[in-house]
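Engineer: Next comes the sequence, and after it the predicted model I'd like to discuss.
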Amino acid sequence: MTKSKIILLLTIITFFFLKLYNLSSPPLFSDEMDVGNQAYSLATNLKDYRGNFLPTYIQSFSESRAPFLMYLTLPFVKLIGLNYLSVRLPSLIFSSISLYFFYLLVKKISKKESLALFSVAILSLSPTFFHYSRLAFESSLLLLLILSASYYYLNKKHLLSFILFSLSFYTYNTSNIFLPLLALFLFITTYKSIDNKKRYFQKLIIPLLILLPLIFQIVSGKASNRFSLISIFSQDHQATVEVKRSSHPEPYSLKERVFHNRPLEIVKTFSSNYLTAFSTQNLFLTGDPNPRHSVPAFGFFLLPLAILLPFSFFNKDSKNSFFIFWLLISPIASALTSNGALHSTRLFLMLPALAFFLASGAEYLFHKNKIILLALLPIFTFSFFSFYHELHQHYPKDQFESWGFAYQDIFTNLPEHQRFLISNTDYNLLTPHVFYQKISPLYLQDANFTDQPQDNIYQDFTGYQTSPNNYLITNWNGDTLNQVKDKAQTGDLILLKQLKDIPGDMDLANLESFQLIKQVRDPYQNLLYQVILKK
């Protein structure tokens, strides 16, 4: 094994174990649990929990989702069980393999081993890449498919490349815009080098067959519903136009219609989103304001690496048309959505190209001025371990409300009970309840379960019945404790939320005729939930 291969292997192994450490923190959030629930259901009888057999688009409680991550999570759930490890381990593996294919791709394009190694190192230590690799987001799988497909395409293994590209469309919706543009670029730039063009086009038949079910889903609307809800075309631009026109004495004059109109507002919104994706704020400072998508105060890359950007312009390899094109098209899908300017999940595909250009700067210094690079190394190391410390020590506690904090504690180690009455007035406990209590997918399928609450699930309560003795109640209507006293029967287990069902910091330990089973608190020891049993 060559020295470069040993460095690459050590980088990937180090990356893997740094991510694996404390993988359960922060706790799973609802989208991750949904991945587990769907994989658990598919592992049971090849149906999603809405009863669709081998679905090409998966029906979750509240929306349709691309299915490929769920299918690949299925064997992990089958082998390990339904838990945080089976849900998150696939993404960690995908992201680790992505580093290998990124190395191969950069080496193939640049013919430089050192540039490929720098690229892998910089990408692996990106706070955004690091963060997402520990979570069950579709982005890690999508990136692996695109990197590997691009590498195989450039090596003229076209059929394998086409299959990987086609599977990418079943992974995450940003692929619907990014992939056609990238595929067109690869086709144009390599067309002359294709040896047998007839055979090349014949190889497209299999991926087209793979894509047929997705095309049907798009036509039927299931695969496009999400985009129609979040796209900038759905925003009320006309209201902005009317406000601007109203300040003019002739609001509907030709001049006002030319300078203030809906298409122009859409272009402005898109342009603002697109350019903001390249901002210093996004790349090096604060990143995505959604605390689930990034560790606060950290951008895509650690701030000291910004020093490398000017030096990348002196490296002739940074003029590479493939990664320039990749970088230019990667924010388009996100820019077409509301709040897409800083949305890390939708901008995730920017990372490899950005890592390549930063690596170009590092590689230039490595050959021309090692002193600057060596001076940067301790600063960068301190910055990375500052991020790592924040990720494990402060982030889970400071941002606990953004994650599924306490759900595992709520729904595990419960005593035997006749019925389980769960207060779900915030509509936030359905997915965690199904996940942590491992509710039978067969029951959900047979009951044609939906995300819409049903009337009279138990007595006059409205909500969800997830098994013969589990009831999630959405309409306690007023004095919850008195209703519990009136309607609960001996052996009933009741989960109540503090401040919603229970006034103030009231402790239910002394509630007459009930036994306190557990109290669940937030990281600051404030009561969140209490579980009681009717004696």
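Structural biologist: Cool, the structure landed.
Engineer: count of neighbours near residue 281?
Structural biologist: Residues lying near residue 281 (other Cβ atoms under 10 Å) number 14. C-beta coordinates here come from the backbone N, C-alpha and C atoms, glycine included.
Engineer: quick one: contacts for the residue most central in space within the chain?
Structural biologist: Centroid check for the chain by Cα atoms, centre = their mean gives residue 137 as the closest residue, at 3.2 Å. Neighbouring residues of residue 137 by Cβ atoms under 8 Å, 6 or more residues apart in numbering: 31, 91, 345, 348.
Engineer: Among the residues you listed, which one sits closest to residue 328?
Structural biologist: Set against residue 328, the nearest of those by Cβ to Cβ is residue 348 (15.8 Å).
Engineer: Now the two most distant members of the contacts of residue 137.
Structural biologist: 31 and 348 (14.7 Å).
Engineer: out of the two, which sits in the more crowded spot?
Structural biologist: residue 348 (24 against 18).
Engineer: rewinding a little: columns secondary structure, pLDDT and distance to residue 450 on top of the contacts of residue 137, output as JSON lines?
Structural biologist: Shown next, in JSON lines, are the contacts of residue 137 (DSSP: H, G, I helix; E, B strand; the rest coil; pLDDT from 0 to 100; distance: Cβ to Cβ, whole Å):
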{"residue": "31", "secondary structure": "helix", "pLDDT": "94", "distance to residue 450": "18"}
{"residue": "91", "secondary structure": "helix", "pLDDT": "97", "distance to residue 450": "28"}
{"residue": "345", "secondary structure": "coil", "pLDDT": "96", "distance to residue 450": "26"}
{"residue": "348", "secondary structure": "coil", "pLDDT": "97", "distance to residue 450": "31"}
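Engineer: what's the distance between the residue nearest to the centre of the chain and residue 158?
Structural biologist: 29 Å (Cβ to Cβ, to the nearest Å).
Engineer: Could you do residue 482 as well?
Structural biologist: Per Cβ to Cβ, residue 482 is found 70 Å from residue 158.
Engineer: Comparing those two, which residue is more hemmed in?
Structural biologist: residue 158 (21 against 10).
Engineer: Surely that one and residue 200 touch.
Structural biologist: Yes: counting by Cβ atoms under 8 Å, residue 200 is a contact partner of residue 158 at 5.9 Å.
Engineer: What's the per-residue pLDDT of the residue lying closest to residue 501 once chain neighbours are set aside here?
Structural biologist: Leaving aside its chain neighbours, residue 501 sits nearest to residue 480 (3.8 Å; criterion: Cβ to Cβ, 6 or more residues apart in numbering). Note on residue 480: pLDDT of 88.
Engineer: show me what contacts residue 480?
Structural biologist: 423, 496, 500, 501, 502.
Engineer: cool, and residue 133?
Structural biologist: Residue 133 neighbours (Cβ under 8 Å, 6+ apart): 15, 19, 91, 92, 94, 95, 96, 140.
Engineer: ok, now with 10 Å
Structural biologist: Residue 133 makes contacts with 15-16, 18-19, 88, 91-96, 98-99, 124, 126, 139-140, 143, as judged by Cβ atoms under 10 Å, 6 or more residues apart in numbering.
Engineer: What score does it have for pLDDT?
Structural biologist: On the pLDDT scale, residue 133 is placed at 97.
Engineer: And it, how far from residue 123?
Structural biologist: Using Cβ to Cβ, residue 133 is found at 10 Å from residue 123.
Engineer: Could you tell me which residues touch both of these two?
Structural biologist: Common contacts of residue 133 and residue 123 (Cβ under 10 Å, 6+ apart): 15, 95, 98, 99, 143.
Engineer: Helix or strand: which one has the last one?
Structural biologist: For residue 143, the enclosing helix or strand under DSSP states H and E is helix 138-154.
Engineer: now swap in the third one and tell me
Structural biologist: In the assignment (DSSP H and E), residue 98 maps to helix 84-110.
Engineer: picking up where we left off before, same for whichever helix or strand comes after the helix holding residue 143, what does it pack against?
Structural biologist: Next in sequence after helix 138-154, counting helices and strands by DSSP H and E, comes helix 158-168. Contact here means 3 or more Cβ pairs under 10 Å, 6 or more residues apart in numbering; DSSP states H and E; on that basis helix 158-168 packs against helix 68-80, helix 138-154, helix 175-190, helix 197-202, helix 205-220.
Engineer: Give me the angle between the third one and helix 138-154.
Structural biologist: This means helix 175-190. Here the directions of helix 175-190 and helix 138-154 differ by 20 degrees (axes from the mean of the first three to the mean of the last three Cα atoms, to 10 degrees).
Engineer: Which positions in helix 175-190 come out as buried?
Structural biologist: Buried positions in helix 175-190, judged by neighbour count with 16 or more other Cβ atoms under 10 Å: 175, 176, 177, 178, 179, 181, 182, 183, 185, 186.
Engineer: Against residue 157, how distant is the second one?
Structural biologist: What it means is residue 176. When residue 176 is compared with residue 157 (using Cβ to Cβ), they lie 24 Å apart.
Engineer: was I right about residue 490 contacting residue 535?
Structural biologist: Yes: using Cβ atoms under 10 Å, residue 490 is in contact with residue 535, at 6.6 Å.
Engineer: State the pair within the shared contacts of residue 133 and residue 123 that is farthest apart.
Structural biologist: By the measure Cβ to Cβ, 15 and 143 form the most distant pair in the shared contacts of residue 133 and residue 123, at 14.0 Å.
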